[in-house]
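Colleague: what follows is a protein structure lacking sequence information:
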């Protein structure tokens, strides 16, 4: 073929039912690896560099070696960088990362600690990272949030407060006392201490 | 009413209707049993965090979206063209959004260390690509029709032929990962993943349509696969003068 393929006709499908989800299955690396990013920092990014590390564990506490997390968060001033980005490590902060688990079900990423976010009216959201979780065995993505244990603002965060008190801890990454700027946060898919997952 | 719901005058994304999303816990899909959460999901308001998302700008040169040309020659199998649009529920084009795809080769084998299916790999086929939708929300790629392959969900289980699609859309709230199937595939009625979606019409949205207009004479068949992301609700303005 010498000609480039021509775009198809622009007819709108008769039925605009929303497209539903299906699992990523076990082989997502083929399509998703190009955007794997577990270091969102660069020398020009203002803010405090933090590392978040943990594991994804199933109902039997068996590590999940084939999960991929996507993270989305604000910069250190609480602003989301939604301007077009070409290069992942240029002098702007994207706030998007994609992190697969390793053979031991562990993940870690390095980023800038997000700032508090002005929500609506007087409300302020405490610093947080949004997370989508994909893996074989999940038909639909899981959505959760990571907060930071050393943030006084957590007590007033409207989303954290909407969660039953005894489950709030699953959304909070614990500061590692031995290693400043390192936080531990695990995903418990099921069972005791099941992580809070959200409906969006 | 949550205190951090979108302020008046902004929009939020529509909720999915009951039965549109597959349940995560789905015993017929055995892998879900130990991995799906069992607690009810907690409603999350749509704040600025959920209403924003990464944006990807086009590369400087036009991406070649042709999976059929390998390092050493043409990939083996039935060449197909797959095209479509990314739209929202109101028919608005979702432009410049990143789409990533991955699939098995014609023999039903993925280029992945975990895939031990006894079928040949094709040195000229990786099965992965990514591209952005154009100004009308269109995308188009040339590939090889993937083969069906066995999996261990139940005795003599076979996945229907499919292509995985990952789509970002404009926000965290619109992020979608799904699979495209082929019309007339005899395995569809038996596939627990496809059938996890309760509403028949929603399931069928995942089946590409054979497309004469996209079929190139003497070259390849064309399939059309439109992807519809959540639409928006405008939130009413308060205190209008």
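Modeller: Looks like it arrived, so ask away. The shown structure was predicted, so the numbers you read here are calculated from the model rather than taken from an experiment.
Colleague: surely residue B:123 meets residue B:70?
Modeller: Yes: using CB atoms under 8 Å, residue B:123 makes contact with residue B:70 at a distance of 6.3 Å. Any C-beta I mention is one placed from the backbone N, CA and C, and that applies to glycine too.
Colleague: and residue A:62, how many residues sit next to it?
Modeller: When neighbours are counted by other CB atoms under 10 Å in any protein chain shown, residue A:62 registers 13.
Colleague: in contact with it, which residues?
Modeller: A:105, B:34 (CB atoms under 8 Å, 6 or more residues apart in numbering or on different chains).
Colleague: which stretches of chain A form helices?
Modeller: Assigned by DSSP state H, chain A shows helices spanning A:29-32, A:158-161.
Colleague: of all the ones you listed, which lies closest to residue B:225?
Modeller: Closest approach to residue B:225 among the helices of chain A is made by helix A:29-32 (15.2 Å; CB to CB).
Colleague: which helix or strand in the chain has the lowest average pLDDT?
Modeller: All of this refers to chain A. Lowest by mean pLDDT, DSSP states H and E among the helices and strands of chain A is strand A:117-118, with a mean of 85.
Colleague: my bad, the chain I had in mind was chain B
Modeller: That would be, for chain B by mean pLDDT, DSSP H and E, strand B:232-234 at a mean of 83.
Colleague: against which helices or strands is that strand packed?
Modeller: strand B:11-13 (3 or more CB pairs under 8 Å, 6 or more residues apart in numbering or on different chains; DSSP states H and E).
Colleague: tell me the first helix or strand C-terminal of the strand it packs on.
Modeller: strand B:42-43 (DSSP states H and E).
Colleague: the spatially closest residue to residue A:153 that is not a sequence neighbour: neighbour count?
Modeller: With sequence-adjacent residues excluded and distances taken as CB to CB, 6 or more residues apart in numbering or on different chains, residue A:153 is closest to residue A:126, at 3.8 Å. Look at residue A:126: counted by other CB under 10 Å, it has 22 neighbours.
Colleague: check which residues of stretch B:77-95 are buried.
Modeller: B:77, B:79-89, B:93-94 (16 or more other CB atoms under 10 Å in any protein chain shown).
Colleague: please identify the helix or strand for the residue of chain B found nearest chain A.
Modeller: With CB to the nearest CB as the measure, residue B:102 is the residue of chain B nearest to chain A, at 3.0 Å. Residue B:102 belongs to strand B:98-103 when assigned by DSSP H and E.
Colleague: which residue ranges of chain A form strands?
Modeller: Taking DSSP state E as the criterion, chain A contains strands spanning A:49-57, A:67-73, A:96-100, A:106-112, A:117-118, A:124-125, A:128-135, A:142-148, A:172-175, A:182-184, A:187-188, A:198-199.
Colleague: tell me what the strand or helix carrying residue B:180 is packed against?
Modeller: Using DSSP H and E, residue B:180 maps to strand B:176-181. Counting contacts by 3+ CB pairs under 8 Å, 6+ apart, strand B:176-181 packs against strand B:162-167, strand B:227-229.
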